[in-house]
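**Q** what's the 3D shape of this:
(one chain, ligands or ions: 2)
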Amino acid sequence: MNITSIKKVSGRQIFDSRGTPTVEATVELQNGLTACASVPSGASTGQYEACELRDGGKEYQGKGVEKAVSNINGKINSALQGKCIFGQQELDQTMIALDGTDNKSRLGANAILAVSLACAKAGAKASNMEFYRYLGGMDGVTLPVPMMNILNGGAHASNNVDIQEFMIRPVGAQSFREAMKIGTEVYHQLKKVLHSKGLSTTVGDEGGFAPDLEDDEQALQLLVEAIEGAGYQPGKEVNIAIDAAASEWFQNGKYFFPKKKKELTREELISYFERFCEKYPVVSIEDPLGEEDFPGFTEITRQIGNKVQIVGDDLFVTNPKRLQKGIEQQSANAILIKPNQIGSLSETMLSIRLAQQNGYQTIISHRSGETEDTSIADISVALNAGQIKTGAPARTDRVCKYNRLLKIEQLLGDAAVYPSSRSR
Ligand SMILES: C=C(OP(=O)(O)O)C(=O)O
Ligand SMILES: [Mg+2]
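**A** Ligands and ions are numbered 1, 2, ... in the order given. Below is the predicted model:
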């Protein structure tokens, strides 16, 4: 038996940032080294995501993950025992074949991904390497531009804002460290602005503020005011990204804003976003249309894709097959990468590479229900993704990813690259 082969894989039910059960896995090697990983969970989940296996019954309103955990302790443990920890592809393929379904519904994408990530972390430990270096080698040196979600709406907050996320991008920074300084200053300034207007400073699921507003456009005005108030130039030093999460709005061929009770056609919705991009420094729109609306995506990309990043989240669900369709139909120019949408590390890496080979921008992303696992930070640097979306720079479930990136930047030293607009 090789000392770097797998001795045991085990799982347990833990809780995410919303207090909902989720999966954690531990991999133990013959040499005694152990590594642990846990998986997050979404609220505005795409219909085509891999299956997050949840228990029936009354426990936690039927949200327990004990079945997924017992799949780890039973079938997955038996299949991976004795295998070499360095064969990530083979380990993932073994679990995918054992599952045997298209969407990982037998073992659960939550079970498979937790083990997949724990294996990769164990491989890094056994190699005496930092996780990002193990994944990306010497070539993984790019710190991502953080897309900080500082105002929450949609399915992530109980306010009256329909757009799910309003994010700031500190592109004028020259390092990730400086980007964090700028981002947190704007976040704190937004709190002051909201307070001065008598608006609520309670927060949504991702740590951003969740006030009731006149309309969604007011959120953009507040962000611009906060950027300026913190002493930065909107559009130059800090620009804005939104996630409409429009799959949540799609009903009978039209779009319906559930909170403002307003109905729009596809064309009206595209014009709505175009106006935002003309009037405000909005440079990135995620899921401007629904997950079925490939033609709508193609149309908005044709109209404004030369100056605005059009991001497919629910549209692509980190799935190389759906991404390939989008590439052929020119449906977007960027992809959101959420490892738990596809359910294994090697498939996640495949989607990132496919996107990069086809000139798509890549944004590595958290989920709205998170754990303290920081794998996405390492993945973003290892694969030179260029952007990360991991919530407000507040609340530990979000900040732990940002803090890991600060450490990685320090470890990389002079080799670290930050995609600053100033150096372009
Ligand atoms: C992070 C997101 O939310 P959720 O995890 O709820 O899908 C998103 O839609 O991009
Ligand atoms: Mg999204």
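
**Q** enumerate the residues of this structure near ligand 2.
**A** The chain comes close to ligand 2 at residues Asp243, Glu286, Asp313, as judged by C-beta under 5 Å from the ion. Yep, even glycine has a C-beta here, placed from its N, CA and C like the rest.

**Q** and with 8 Å instead?
**A** Ser44, Gln164, Glu165, Asp243, Ala245, Glu286, Asp287, Val311, Asp313, Asp314, Leu336, Ser365 (C-beta under 8 Å from the ion).

**Q** now, among the residues you listed, which is nearest to Leu135?
**A** Checking the residues of the chain next to ligand 2 against Leu135 by C-beta to C-beta gives Ser365 as the nearest, at 16.7 Å.

**Q** surely the closest one touches Thr390?
**A** Yes - between Ser365 and Thr390 there is a contact under C-beta atoms under 8 Å: 7.1 Å.

**Q** what do these two both touch?
**A** Ile376 (C-beta atoms under 8 Å, 6 or more residues apart in numbering).

**Q** and the gap between Asp92 and ligand 2?
**A** If you measure Asp92 against ligand 2 using C-beta to the ion, to the nearest Å, the figure is 25 Å.

**Q** nope, Tyr132 is what I was after
**A** 24 Å.

**Q** for Lys389, give me its contacts.
**A** Neighbours of Lys389 in contact, by C-beta under 8 Å, 6+ apart: Pro146, Met147, Asn149, Met167, Asp243, Leu336, Ile363, Ile364, Ser365, His366.

**Q** of the residues of the chain next to ligand 2, which belong to strands?
**A** Glu165, Asp243, Glu286, Val311, Leu336, Ser365 (DSSP state E).

**Q** list the contacts for Ala245?
**A** Ala245 touches Ser44, Gly154, Ala155, Ile163, Gln164, Glu165, Glu286, Asp287, Asp313, Asp314, counting by C-beta under 8 Å, 6+ apart.

**Q** find the nearest non-adjacent residue to it, please.
**A** Of all residues not flanking Ala245 in the chain, Gln164 sits nearest, at 3.9 Å (C-beta to C-beta, 6 or more residues apart in numbering).

**Q** does that neighbour really touch Ala244, like I thought?
**A** Yes - assessed by C-beta under 8 Å, Gln164 is found in contact with Ala244 at 6.7 Å.

**Q** circling back: possible to save the contacts of Ala245 as CSV with pLDDT?
**A** Conversion of the contacts of Ala245 to CSV gives the following (pLDDT from 0 to 100):
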residue, pLDDT
Ser44, 89
Gly154, 95
Ala155, 93
Ile163, 97
Gln164, 97
Glu165, 97
Glu286, 98
Asp287, 98
Asp313, 98
Asp314, 97
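
**Q** pick the one among the residues you listed closest to Leu222.
**A** Checking the contacts of Ala245 one by one against Leu222 (C-beta to C-beta), the nearest turns out to be Ile163, at 12.6 Å.

**Q** ok, and the closest non-adjacent residue to that closest one?
**A** Spatially, and ignoring its direct neighbours in sequence, Ile163 is nearest to Asp216 (4.7 Å; C-beta to C-beta, 6+ apart).

**Q** what's the burial count for the one you found?
**A** 22 (other C-beta atoms under 10 Å).

**Q** next one: phi and psi at it?
**A** phi -70, psi -30 (degrees, to the nearest 10).

**Q** picking that back up, quick check: of the contacts of Ala245, which has the highest neighbour count?
**A** Most surrounded of the contacts of Ala245: other C-beta under 10 Å gives Glu165, at 31 neighbours.

**Q** OK, contacts around the residue in the stretch 1-150 of the chain that ligand 2 sits nearest to?
**A** Distances between the stretch 1-150 of the chain and ligand 2 by C-beta to the ion are smallest at Ser44, namely 6.3 Å. By C-beta under 8 Å, 6+ apart, the residues touching Ser44 are Gly154, Ala155, His156, Gln164, Ala245, Ser247, Glu248, Asp314, Ser368.
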